[in-house]
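**Student:** 3D model of this:
(chains A and B)
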2 protein chains.
Amino acid sequence: MLGCGTVGAQVVRLLTEQADDLTARIGGSVELVGVAVRRPHRHPDVPAHLITTDAAALVESDVDVVVEVIGGIEPARTLLTTALRAGKSVVTANKALLAEHAAELFAAAGSSGADLYFEAAVAGAIPLLRPLRESLAGDRINRVMGIVNGTTNYILSAMDSSGAGYAETLDEASRLGYAEADPTADVDGYDAASKAAILASIAFHTRVTAADVYREGITSVTPADIAAARTLGRTIKLLAICERVDTDGVESVAVRVHPAMIPRSHPLAGVGGAFNAVFVEADAAGSLMFYGQGAGGAPTASAVLGDLVAVSRNRLVGGRGPGESAYAALPIRPISQVDTRYHVSLDVADRAGVLSSVASVFAEHDVSIAAVRQRGRANDASLVIVTHSAPDRALRSTVDKIAGLPAVHDVVSVMRVEGEEP
Amino acid sequence: MLGCGTVGAQVVRLLTEQADDLTARIGGSVELVGVAVRRPHRHPDVPAHLITTDAAALVESDVDVVVEVIGGIEPARTLLTTALRAGKSVVTANKALLAEHAAELFAAAGSSGADLYFEAAVAGAIPLLRPLRESLAGDRINRVMGIVNGTTNYILSAMDSSGAGYAETLDEASRLGYAEADPTADVDGYDAASKAAILASIAFHTRVTAADVYREGITSVTPADIAAARTLGRTIKLLAICERVDTDGVESVAVRVHPAMIPRSHPLAGVGGAFNAVFVEADAAGSLMFYGQGAGGAPTASAVLGDLVAVSRNRLVGGRGPGESAYAALPIRPISQVDTRYHVSLDVADRAGVLSSVASVFAEHDVSIAAVRQRGRANDASLVIVTHSAPDRALRSTVDKIAGLPAVHDVVSVMRVEGEEP
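**Tutor:** Below you'll find the predicted structure:
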């Protein structure tokens, strides 16, 4: 095992506590022969003779399986590539690595016939990659949409209930242990984007890397956005959305991570705290939902152990798990060309003709309006517009132009809208 | 393929429409070489040269995989056992067969090294068995609870919204195609019990057959039960519940199917119509939920195709899917010894001392009361009692004795209670 943090410690515990069950399920015993860590004294629960600081030597020693829970690109990338080329099966929870270098890792695995499993990399304990890779292998997946980051989900839920601002809520989340000391990967959406890339690759049999994912985090979400959502019976969630887009028979793949308003009646609206939930839409299967704990030591370790049983069985029985499936090689569609829907909330002058001038900007950009709500108050008025779906580029240009209209005092909130009408 | 009803027709369609995708995913092509049916003229969509009425000859011909969508025990049992012994992999949607003869089928598969997959047998399109068998193979599952029969769920939902009686609602369900001409398997809980047996076998690594499952259907659910549930903020669902029970360190397995009141706020309460949803509780993974379409041609065919890809890959790559895992061999605990909670609604005489006499019966049986609601009206009064959990046998004896009390005019509703308090 490489690394021994929150997840690794739970893997060690479960390997020990459930040794007999694992042996029965695998048909042979699993022996933990080494744990590579940076600071040996920090792991009092791991038998001292297993601890080493030389990860490379451990990988090159006589082991069958390498479990990697270090995270990050290097040294994980080099270590796992070496292991796979040498025919050692790999179980990893490393979403960043998979989202950037899956092709390289699969190629290394393919060269030796080794297994590469990574259920723990997306949505923690929720069995999601195996269902997508295997159970739905005979179906055609059209859309995967979900909440895949617990930290941002905690912060957005807290902002929704308290009305507090983002910075203040982040501080509290850090204090309570829901956000890391450096929360960038979570709040800027990098973590969710890595997971979206992995999900899209599997769902659409196409190489999708983190760089292909359009990404907006939650740092710009304001109490005004939350209040606007509430007024419309909606709430704001950071969503990862992977879509198959068909334009006149030409298929492409669009993958994006951004905050979005969803109806409070939508099943994802009720997903709180550290829970994750993912919807999958497939041609034959229809709508499926998977729900569970998306992070944490024990839940993630559960996913690691499931993979460990699979690769161990494969070594004993002589089989192999699925390799990379990128045969479809669909092009990536940039966000500018993806159809989305916008909610726009404006402070405008309270005089006749304002709605008409705003509406004409939408019309100019070929954006059709689904709903308008106008309310006068004191010297100005509020104008809320929800559009039908239109190319994201057209929606952005519309909002930019509207912001410059003399009658528009302030753009209070601009937010994409997902899910059905409330 | 054996059989070609609603599911089979969709399997044929998907095999044809997605032939290129299946070939890419498997790494080799799948050819449908025969479809055994009873009435050849009823399948105009299947190429005539594939149709045969001789299922046994088809199974014995030179095929690699047998897909069975006939249903029922015979001839499926003999055909599949023959196929498996001959080393042919089997994909089946046959819950009744798996719930009664899984051991025999697995033994036949084991003797030749063939694969036996049956994802479609439980909860249609929802990837459920593969996650339980494989993703959670490194975890310890404690409970599986869910709605696994669409017909009864449709009827109970309809009774809940209309206030109509069972017989009347069943008639309408039949007219609308939600119930079969002979609805016995659904409404008496046999279908759900088969699924519960399969789920429990996998979850607890123990042989559980349909005969081990305590089973109550929905035919006795009355409008009074529905109304009583509503008064308490609950609704009635037919639940399949598989539990690991630990009594002073001695483990056993309890499996039951019966109607139960659950809080309207419970995620299962919102599962409507033909949808299925299953909760899984595991030591490390925590709570997981799986949701999707539990029946229907295309959704079930999706599950069949996923299994077909898996067994086909295994044949090409040389691996094998999981065999029977019954090493834990836990004893089955009868319902009488399972802890449950009861809701009891009574019409009683409106006079002092009634509650006391009723409560003393509960006390005699060591059943602790969680909540009481008493309401006077005209000459009699209603008394609603919800218990804490107690052995089912004690609860039944309590109810029997209470029904005989002079002050009790009528036992309006007795129903088990599941889920947290509303």
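
**Student:** Who is A:Val414 paired with across the strands?
**Tutor:** Judged by DSSP bridges, the bridge partners of A:Val414 are A:Val344.

**Student:** so where do the strands sit in the stretch 201-350 of chain A?
**Tutor:** Secondary structure of the stretch 201-350 of chain A by DSSP state E, counting those that start in this stretch: the strands cover A:214-215, A:234-247, A:250-263, A:275-282, A:286-293, A:339-340, A:342-349.

**Student:** Could you dump the ones you listed into CSV and include distance to B:Lys95 and mean neighbour count?
**Tutor:** Quick note: C-beta positions are derived from backbone N, CA and C, even for glycine. Below are those laid out as CSV (distance: least, C-beta to C-beta, whole Å; neighbours: other C-beta atoms under 10 Å in any protein chain shown):
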stretch, distance to B:Lys95, mean neighbour count
strand A:214-215, 43, 20
strand A:234-247, 32, 22
strand A:250-263, 36, 23
strand A:275-282, 22, 24
strand A:286-293, 19, 23
strand A:339-340, 41, 19
strand A:342-349, 46, 22
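
**Student:** Could I get those in JSON lines, plus columns for mean pLDDT?
**Tutor:** Formatted as JSON lines, those follow (pLDDT from 0 to 100):
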{"stretch": "strand A:214-215", "mean pLDDT": "98"}
{"stretch": "strand A:234-247", "mean pLDDT": "96"}
{"stretch": "strand A:250-263", "mean pLDDT": "97"}
{"stretch": "strand A:275-282", "mean pLDDT": "96"}
{"stretch": "strand A:286-293", "mean pLDDT": "95"}
{"stretch": "strand A:339-340", "mean pLDDT": "96"}
{"stretch": "strand A:342-349", "mean pLDDT": "94"}
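
**Student:** nearest to B:Phe106, of the ones you listed?
**Tutor:** Closest to B:Phe106 of the strands of the stretch 201-350 of chain A, according to C-beta to C-beta: strand A:286-293, at 27.4 Å.

**Student:** near chain B, which residues of the stretch 1-150 of chain A?
**Tutor:** Contact residues, the stretch 1-150 of chain A versus chain B (C-beta under 8 Å from any C-beta of the partner chain): A:10, A:14, A:18, A:21-22, A:24-25, A:119, A:125-127, A:130-131, A:134-140.

**Student:** circling back to that earlier point, could you dump the strands of the stretch 201-350 of chain A to a markdown table with distance to A:Gly177?
**Tutor:** Supplementary listing: the strands of the stretch 201-350 of chain A in a markdown table, determined by distance: least, C-beta to C-beta, whole Å:
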| stretch | distance to A:Gly177 |
| --- | --- |
| strand A:214-215 | 25 |
| strand A:234-247 | 19 |
| strand A:250-263 | 23 |
| strand A:275-282 | 16 |
| strand A:286-293 | 15 |
| strand A:339-340 | 34 |
| strand A:342-349 | 33 |
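
**Student:** now for those strands, which one comes closest to A:Leu2?
**Tutor:** The nearest among the strands of the stretch 201-350 of chain A, by C-beta to C-beta, is strand A:286-293 at 23.4 Å.

**Student:** show me the contacts for the residue in chain A that chain B sits nearest to.
**Tutor:** At 1.6 Å from chain B, A:Gly319 is the closest residue in chain A, using C-beta to the nearest C-beta. Neighbour list for A:Gly319: A:Arg313, B:Asn314, B:Val317, B:Gly318, B:Gly319, B:Arg320 [criterion: C-beta atoms under 8 Å, 6 or more residues apart in numbering or on different chains].

**Student:** go on, A:Tyr190?
**Tutor:** Counting by C-beta under 8 Å, 6+ apart, A:Tyr190 touches A:Ala96, A:Thr184, A:Ala210, A:Arg215, A:Gly217.

**Student:** For the contacts of A:Gly319, pick the one with the most neighbours.
**Tutor:** Neighbour counts for the contacts of A:Gly319, by other C-beta atoms under 10 Å in any protein chain shown, peak at A:Arg313, which reaches 24 neighbours.

**Student:** Can you tell me the closest non-neighbouring residue to it?
**Tutor:** Nearest residue to A:Arg313, sequence neighbours excluded (C-beta to C-beta, 6 or more residues apart in numbering or on different chains): A:Ile26, at 5.5 Å.

**Student:** Look up phi and psi at the one you found.
**Tutor:** Main-chain torsions, A:Ile26, degrees, to the nearest 10: phi -80, psi -30.

**Student:** Can you pull the domain assignment for chain A?
**Tutor:** In terms of domains, chain A is parsed into A:6-124+A:297-317, A:129-293, A:336-417 (source: automatic domain parsing).

**Student:** Go through those and name the closest to B:Ala227.
**Tutor:** Among the domains of chain A, if distance is taken as C-beta to C-beta, the winner is domain A:129-293, at 25.5 Å.

**Student:** roughly how far out does that closest one sit from the chain middle?
**Tutor:** The chain centre lies 6 Å from the centre of domain A:129-293; the measure is C-alpha atoms, centre = their mean, to the nearest Å.

**Student:** swap in stretch A:89-98?
**Tutor:** The chain centre lies 15 Å from the centre of stretch A:89-98; the measure is C-alpha atoms, centre = their mean.

**Student:** Tally up the residues packed near A:Ile226, please.
**Tutor:** Applying other C-beta under 10 Å, we find 25 residues neighbouring A:Ile226.

**Student:** Would you mind listing the residues in contact with it?
**Tutor:** By C-beta under 8 Å, 6+ apart, the contact list for A:Ile226 reads A:Met159, A:Asp160, A:Gly163, A:Thr235, A:Ile236.

**Student:** Could I get the CA-only coordinates of stretch A:182-198 as CSV?
**Tutor:** The C-alpha trace of stretch A:182-198 is given here as CSV (Å, rounded to 0.1, in the frame of the first residue of the first chain):
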residue,chain,number,x,y,z
ASP,A,182,-6.3,24.6,1.5
PRO,A,183,-9.9,24.2,0.1
THR,A,184,-9.0,25.2,-3.5
ALA,A,185,-9.4,21.8,-5.1
ASP,A,186,-12.9,21.6,-3.6
VAL,A,187,-14.3,25.1,-3.8
ASP,A,188,-12.9,25.9,-7.3
GLY,A,189,-14.4,22.7,-8.6
TYR,A,190,-11.2,20.9,-9.5
ASP,A,191,-12.1,17.8,-7.5
ALA,A,192,-15.6,17.6,-9.1
ALA,A,193,-14.1,18.2,-12.5
SER,A,194,-11.7,15.3,-12.1
LYS,A,195,-14.6,13.0,-11.1
ALA,A,196,-16.7,14.3,-14.0
ALA,A,197,-13.8,13.5,-16.4
ILE,A,198,-13.6,9.9,-15.1
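
**Student:** Show me which residues of the stretch 251-400 of chain A sit near chain B.
**Tutor:** Counting by C-beta under 8 Å from any C-beta, the stretch 251-400 of chain A sits next to chain B at A:267, A:282-293, A:298-299, A:301-310, A:313-314, A:317-320, A:322, A:325, A:327-328.

**Student:** same thing but at 7 Å, please
**Tutor:** Within the stretch 251-400 of chain A, the positions near chain B by C-beta under 7 Å from any C-beta of the partner chain are A:282, A:284-293, A:298-299, A:301-303, A:305-306, A:308-310, A:314, A:317-320, A:325, A:327.

**Student:** Around the residue nearest to A:Ala359 when sequence neighbours are not counted, how many other residues sit close by?
**Tutor:** Counting by C-beta to C-beta, 6+ apart, the nearest residue to A:Ala359 once its immediate chain neighbours are dropped is A:Ile369, at 6.5 Å. Residues lying near A:Ile369 (other C-beta under 10 Å) number 15.

**Student:** Beyond the helix or strand of chain A with the lowest mean pLDDT, next helix or strand please.
**Tutor:** For chain A, scoring each helix and strand by mean pLDDT, DSSP states H and E identifies strand A:369-377 as the least confident one, at a mean of 86. Downstream of strand A:369-377, the first helix or strand assigned by DSSP states H and E is strand A:380-387.
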